[in-house]
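In: I would like the atomic coordinates for the input below:
(chains A, B, C and D)
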Protein chains: 4
Amino acid sequence: MAGNTTGNNFRVTTFGESHGPAIGAVIDGVPAGLELSEADLQADLDRRRPGQSNLTTRRAEADRAEILSGIFEGKTTGAPVAVLIRNCDQHSKDYSNLAGLFRPGHADFAWQSKFGMRDYRGGGRSSGRETASRVTAGAIAKKILRALGIEIRAYAIEVAGVAAATRDFAEIEKNPVRCADPAAAKEMEAAILAAAAEGDSVGGIVECEISGVPAGWGEPVFDKLDAELAKAMMGIGAVKGVEFGSGFAAARMRGSENNPPGHSGGISGGISNGENIVFRVAVKPTPSISKPQRTVDKDGNPAVCEIKGRHDPCIVPRIVPVIEAMAAIVLADFR
Amino acid sequence: MAGNTTGNNFRVTTFGESHGPAIGAVIDGVPAGLELSEADLQADLDRRRPGQSNLTTRRAEADRAEILSGIFEGKTTGAPVAVLIRNCDQHSKDYSNLAGLFRPGHADFAWQSKFGMRDYRGGGRSSGRETASRVTAGAIAKKILRALGIEIRAYAIEVAGVAAATRDFAEIEKNPVRCADPAAAKEMEAAILAAAAEGDSVGGIVECEISGVPAGWGEPVFDKLDAELAKAMMGIGAVKGVEFGSGFAAARMRGSENNPPGHSGGISGGISNGENIVFRVAVKPTPSISKPQRTVDKDGNPAVCEIKGRHDPCIVPRIVPVIEAMAAIVLADFR
Amino acid sequence: MAGNTTGNNFRVTTFGESHGPAIGAVIDGVPAGLELSEADLQADLDRRRPGQSNLTTRRAEADRAEILSGIFEGKTTGAPVAVLIRNCDQHSKDYSNLAGLFRPGHADFAWQSKFGMRDYRGGGRSSGRETASRVTAGAIAKKILRALGIEIRAYAIEVAGVAAATRDFAEIEKNPVRCADPAAAKEMEAAILAAAAEGDSVGGIVECEISGVPAGWGEPVFDKLDAELAKAMMGIGAVKGVEFGSGFAAARMRGSENNPPGHSGGISGGISNGENIVFRVAVKPTPSISKPQRTVDKDGNPAVCEIKGRHDPCIVPRIVPVIEAMAAIVLADFR
Amino acid sequence: MAGNTTGNNFRVTTFGESHGPAIGAVIDGVPAGLELSEADLQADLDRRRPGQSNLTTRRAEADRAEILSGIFEGKTTGAPVAVLIRNCDQHSKDYSNLAGLFRPGHADFAWQSKFGMRDYRGGGRSSGRETASRVTAGAIAKKILRALGIEIRAYAIEVAGVAAATRDFAEIEKNPVRCADPAAAKEMEAAILAAAAEGDSVGGIVECEISGVPAGWGEPVFDKLDAELAKAMMGIGAVKGVEFGSGFAAARMRGSENNPPGHSGGISGGISNGENIVFRVAVKPTPSISKPQRTVDKDGNPAVCEIKGRHDPCIVPRIVPVIEAMAAIVLADFR
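Out: Now for the predicted structure:
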């Protein structure tokens, strides 16, 4: 099974490695007649890119999306939209010290086991860089959904154990953490920088709220709307859990408490029920840290792994647009 | 999109409503030459059936699976295996009082919105009864996996707020809660019966541990092994969340804590890494409770809903074999 | 890959062997609210069944379809419709003389190579009997399409080298050959009986004309409407070729002759163009003949194969409803 | 349904219009460890390109394939291989006279009906130019298959009514028609040039012979090997029919004639039987001809269509590598 395509009616295929010539996406099922230009893709690419704040790596990755197909006279034609992003800094680093090591917390060993080889330059295909492709597809999906009155917003609600107390959506893009509570955002920022100073990293929880989905989307049984959203979220490398509505807290409630509106996360029996869709995603601390770590080498011998360069001490702010993109891709497939 | 089929290489299609003539499954992709008989399906059906203990509804549902195809001289042929389970008590209850009401916490309203009609007899297609079909498919998947040295075990680790402290797999089937900690199981049982006495229900958390999966299963990017497992779990009606390895707790760890083996849940970058696969699933309290509840009727007017009969006050024990079945179906598809 | 499911929006899964307990189909994606009963399936089952005229085998196969799911109060619910047909005569013949032989012109050897074993009783899963399942799914598809003004008609235009000269659709069901030219039908009938008298069989060509498909159905590039119809036709065991519009004759025309309307078969660039869709299908002579034939046995030694019992000397009349069914299944998927 | 992707295990997605910035393909499911470079794609691209002989249009389309991903140190990694081909002459012609007309024999009207708009520059997405993308994917598939001992050869057996009498595979690439009979090739060439001189075009029949496929490939029932090959062939714009083995001629044979080896086309019951696979494809005369033709405009009024420039008077020689590519893509999916 080839695993780089998702969706049936709105179908996204991505390609590219962190250190190859380019990454990109082919987006099939875009309805004809939608106004679309490269500028539509750039906003979310900029929200995902490194170097946007003091909280992220400073790699100068100037992601520019080129649309190769599917547009005629400024509008989509119904043909697939292909997007190309050249990798600018593909030769900038020396990864040869990692060629024989499996980085802890990374997919290196699993990938080697599966394919019998791996591209050791920054993770290759399993690098978070791949998500830039998804963000371009998500930007198109969002534009389709917005025309239907559907709005998708993701934001940090917890970072390094600091929880947000309020949710003011107007605040999200005003702080580098992408938190809807500006006071908590300050604390989160401090916690991230403290971890960074120790050569370590922190994780967090991102919530996503989707308004405007009419009742009746989703398929009963296997292809439930929440099942597809869960798959899409778990398909993001750093995500280790997902919950809808009351989620894990529902496990501690009684039926009489959990039955009333507001607990379902907007999805009942796999089908949207007209309430806002709400889910939360657990983001692990970035495995790429500067601290020396114990690992094994190719031959199974103990080794010490040092990952050079500067890394994101917390991927939460940059994963927010990826979560929105994947949610949009799922919804556009069900529309 | 038709949503009653899952998988590509091991493909399961289910059919049937709680109060129609029958339910069943077609299982395609079963390798030829596997010894298989109806007895292989019965064990898990019996673990799922109502009336197996004092904790479940007493509906006398004698689920007998008939294999209709795919077997010749006691072995599978490579042709699809169709399984039929007749509904014995399809006419035993009167649901007419629910025809005009949407039961709180159920899929009734969402289903009505999607299809413009619904089978109001006990949930119809969205009833938990559908999972009996999945259990038969899962029993076949388990048998295929067992031959490869793969063992799947699910068990309650929390019910009604009572958490298990130990995990002794030999205990699981010895208590009606299916908990691996016999002392906690006693407390859980008491909590379930207390809720039942008040006409209410409770939820819980089920853990699943899978041993024997070799490193290298799963597809990078969209069709990650954990992404497919998450979809499969969220495709079970009562499930509201899923987490792998350290899960939501990873969001509060530092990278240096979370990187070492034992935190990943056996899957790295979407590919099995040779460790045991471990995930947990949040099960909501059953929405069918005897207590009168506020709801709306078809015309949007406030109404009171009373669900007659006796219901499971906690679905956790009966959902355990369903979770195992869905995990097995996913793994059999990747094998 | 499991190969017993077709379609995405209208998805059909079939199961069952010629000599197992039952055959059947699960039809997913049937819109809610369609009036449907077992009588709707019976008409086409009767057109496909053996024993309906002097031209077919006299096996008394009383195919009765039971609908197991997806219907509530006489209408479809949007849930999958499962159809069950019990095999009545599964123990009536002795096939043991064929257990060690590969029948010439049959799938026996290929099947054995693929699966390492085979159900030698009358072809098992590769028997033409499987098409009864498709006919029930096709009957539902036809009913959906008829509501949209779409009519599908298949009929013999050539049998045993005898070609039809006229096309009067009112004549099709009046003769046992299902030919739209009653004079040719008489000759065809005589040719079939002559072959039968020699223990041999004949083939023919079936044409299918579909009216009422609006312009715009089908997908460009890979999933062209004619590509999907061709796949569906070649998926019928006895079919060895398919052509659209002018078909193979177009290869001998000039562009200026072939460009005007009437040559395309109603499909341009893979998309319906509003003209009637017309295609033709080559049906090979039934491989099951009474004449002794040379073959090889399991060990590769030369052997003589004698297939007992009476067989259809020409499958054309009974394949007509199968062709209609498969065309309907494809169109219902694109609707 | 998005229709620009084909295959499951070997999955090809193409994009791009004849007059957009670029065309290309994403090929997923390429096994890791295959030596691959751009040179591997160029040979078949050169066989498909215009201007390679006196029989094709002289557009100077210098198709150069750039591989964007999936290769590390000269070998495939298991990640998707993306291929990019820039369109060099995208602005070279003026198509504005066709903006309001539907070209006879083309997909213009059907496309407009489906999407409500169309890219009128040379057919846009429905242009034969899209097949260059398929050829690059096919080149990779062929390389995979060749390592398994599988060889795919296509060649003209009839053009403009002139049939080949002999089949000497060594001759195919020595004449501009790609015919395995050099004497017939001369006559075919003359017939093509005669039609071109009159501003007209001719069609033909291409045969494809595949050696080395082991017995056992293909899926019974819907996803038969011949069914998938038929779909792949009919998915090529100019193809109007396909037949396997004895094909339409089998319709005139008796069972006793057609049963022996040599008639099945190498596929029995949808599964390869170890003989060479043989099928034939009917190619219609190119609809783009210089002769003025009657058509209708956007408003349904009669109009005269004149297609400027020089066109291929016979697409047969250039469609040969496309047929090989599509056959290879199907087989690589079943391997």
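
In: can you tell me the residue of the stretch 51-200 of chain A closest to chain C?
Out: Taking CB to the nearest CB, chain C has its nearest neighbour within the stretch 51-200 of chain A at residue A:79, 7.3 Å off. For glycine as for every other residue, the C-beta is placed from the backbone atoms N, C-alpha and C.

In: how close does that residue sit to chain D?
Out: The span separating residue A:79 from chain D equals 4 Å under the rule CB to the nearest CB, to the nearest Å.

In: can you pull the pLDDT of that residue?
Out: The confidence metric pLDDT takes the value 96 at residue A:79.

In: number of nearby residues for it?
Out: Burial of residue A:79 is recorded as 28 neighbouring residues (other CB atoms under 10 Å in any protein chain shown).

In: same check, this time on the one 4 residues further on
Out: Neighbouring residues of residue A:83 were enumerated by other CB under 10 Å; the total is 27.

In: check which helix or strand covers it.
Out: Per DSSP states H and E: residue A:83 is located in strand A:81-86.

In: I'd assumed the residue of the stretch 51-200 of chain A closest to chain C was in a strand, is it?
Out: No: assignment of residue A:79 by DSSP: H, G, I helix; E, B strand; the rest coil gives coil, placing it outside any strand.

In: contacts for the helix or strand just after the strand holding residue A:83?
Out: Scanning the chain past strand A:81-86 towards its C-terminal end, the next helix or strand to appear is helix A:108-115 (assignment: DSSP H and E). The set of residues that contact helix A:108-115 without belonging to it, under CB atoms under 8 Å, 6 or more residues apart in numbering or on different chains, is A:101-102, A:118, A:120, A:123-124, A:126, A:296, A:298, B:214-218, B:220, B:267-274, D:32-33, D:77-78.

In: Which strands border the helix or strand where residue A:26 lies, and is each parallel or antiparallel?
Out: Residue A:26 is part of strand A:22-28 when elements are defined by DSSP H and E. Counting by DSSP bridges, the strands paired with strand A:22-28 are strand A:11-16 (antiparallel), strand A:81-86 (antiparallel).

In: between the ones you listed, which gets nearest to residue A:260?
Out: In terms of CB to CB, the element of these nearest to residue A:260 is strand A:11-16, at 36.6 Å.

In: so who does the closest residue to chain C within the stretch 151-300 of chain A touch?
Out: The nearest approach of the stretch 151-300 of chain A to chain C comes at residue A:220, 7.3 Å away (CB to the nearest CB). Residue A:220 makes contacts with A:269, A:270, A:271, B:3, B:4, B:107, B:111, B:125, B:126, C:79, as judged by CB under 8 Å, 6+ apart.

In: same deal with residue A:325?
Out: Residue A:325 sits next to A:44, A:131, A:134, A:135, A:137, A:138, A:139, A:141, A:142 when contact means CB under 8 Å, 6+ apart.

In: Same check on residue A:154?
Out: Applying CB under 8 Å, 6+ apart as the definition, the contact partners of residue A:154 turn out to be A:178, A:206, A:207, A:208, A:209, A:320, A:321, A:323, A:324, A:327.

In: how about it, secondary structure?
Out: Secondary structure assignment for residue A:154 (three-state DSSP): strand.

In: confidence score at it?
Out: Here, the pLDDT recorded for residue A:154 equals 98.

In: can you list the weak-confidence ranges in the stretch 1-150 of chain A?
Out: Across the stretch 1-150 of chain A, the ranges flagged by pLDDT under 70 are A:1, A:58-61, A:89-94.

In: Near chain B, which residues of it? Just list them.
Out: A:1-6, A:8-9, A:14, A:104-111, A:113-114, A:125-126, A:130 (CB under 8 Å from any CB of the partner chain).

In: which residue ranges form the helices in chain A?
Out: When assigned using DSSP state H, the helices of chain A occupy the ranges A:38-48, A:108-115, A:131-146, A:182-197, A:225-234, A:255-258, A:316-334.

In: winner for burial among these?
Out: Greatest average neighbour count among the helices of chain A goes to helix A:225-234 (a mean of 29), per mean count of other CB atoms under 10 Å in any protein chain shown.

In: How about that helix and chain C, any contact?
Out: No: for a cut-off given as CB under 8 Å from any CB, helix A:225-234 has no contacts with chain C; the smallest distance is 14.9 Å.

In: Does chain B have contacts with that helix?
Out: Yes: among the residues of helix A:225-234, A:226, A:227, A:228, A:229, A:230, A:231, A:232, A:233, A:234 lie within reach of chain B under CB under 8 Å from any CB.

In: The residues you listed: which two are farthest apart?
Out: Put simply, by CB to CB the two of the residues of helix A:225-234 next to chain B set farthest apart are A:226 and A:234, 12.2 Å from each other.

In: right, and out of the contacts of residue A:154, which lies closest to residue D:62?
Out: The nearest member of the contacts of residue A:154 to residue D:62, counting by CB to CB, is residue A:321 at 38.7 Å.

In: Give me the pLDDT value at the closest one.
Out: As summarised for this prediction, residue A:321 has a pLDDT of 97.

In: for the one 4 residues further on, same thing?
Out: On pLDDT, residue A:325 comes in at 98.

In: so who does the residue lying closest to it once chain neighbours are set aside touch?
Out: Distances taken as CB to CB, 6 or more residues apart in numbering or on different chains put residue A:138 closest to residue A:325, at 2.3 Å, once the chain neighbours are dropped. Contact partners of residue A:138, counting by CB under 8 Å, 6+ apart, are A:44, A:321, A:322, A:324, A:325, A:326, A:327, A:328, A:329.

In: surely the third one meets residue A:49?
Out: So that's residue A:322. No: shown here, residue A:322 and residue A:49 do not form a contact pair, counting by CB atoms under 8 Å, at 11.7 Å.

In: re the thing from before, buried members of the contacts of helix A:108-115 into PyMOL, please.
Out: For selection in PyMOL, the members of the contacts of helix A:108-115 meeting the burial criterion (16 or more other CB atoms under 10 Å in any protein chain shown) are listed in this command:
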select buried, (chain A and resi 101+102+118+120+123+124+126) or (chain B and resi 215+216+217+218+220+267+268+269+270+271+272+273+274) or (chain D and resi 32+77+78)
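
In: Show me the contacts of helix A:108-115 that map onto strands.
Out: For the contacts of helix A:108-115, the ones inside strands are A:296, B:267, B:268, B:271, B:272, with DSSP state E as the criterion.

In: Output those of these also counted as contacts of chain C.
Out: If you filter these for contact with chain C, counting by CB under 8 Å from any CB, you are left with nothing.

In: tell me the angle of the strand holding residue A:26 relative to helix A:131-146?
Out: Orientation check (axes from the mean of the first three to the mean of the last three CA atoms, to 10 degrees): strand A:22-28 against helix A:131-146 gives 30 degrees.

In: which parts of the stretch 101-250 of chain A sit against chain D?
Out: Those residues of the stretch 101-250 of chain A that sit near chain D, judged by CB under 8 Å from any CB, are A:114, A:115, A:116, A:117, A:118, A:119, A:121, A:124, A:125.

In: Briefly note if stretch A:276-291 comes near chain B.
Out: Yes: applying CB under 8 Å from any CB, one finds stretch A:276-291 touching chain B at A:282, A:283, A:284, A:285, A:286, A:287, A:288, A:289, A:291.

In: Please indicate which of those residues are buried?
Out: Applying a neighbour-count criterion of 16+ other CB under 10 Å, the buried members of these are A:282, A:283, A:284, A:285, A:286, A:287, A:288, A:289.

In: with these in mind, which one is nearest to residue A:55?
Out: residue A:286 (11.3 Å).

In: With residue A:310 as the reference, measure out to the closest residue to that closest one other than its chain neighbours.
Out: Counting by CB to CB, 6+ apart, residue A:201 is the residue found nearest to residue A:286 once chain neighbours are left out, at 4.2 Å. In this structure, residue A:201 lies at 12 Å from residue A:310, with CB to CB, to the nearest Å as the measure.
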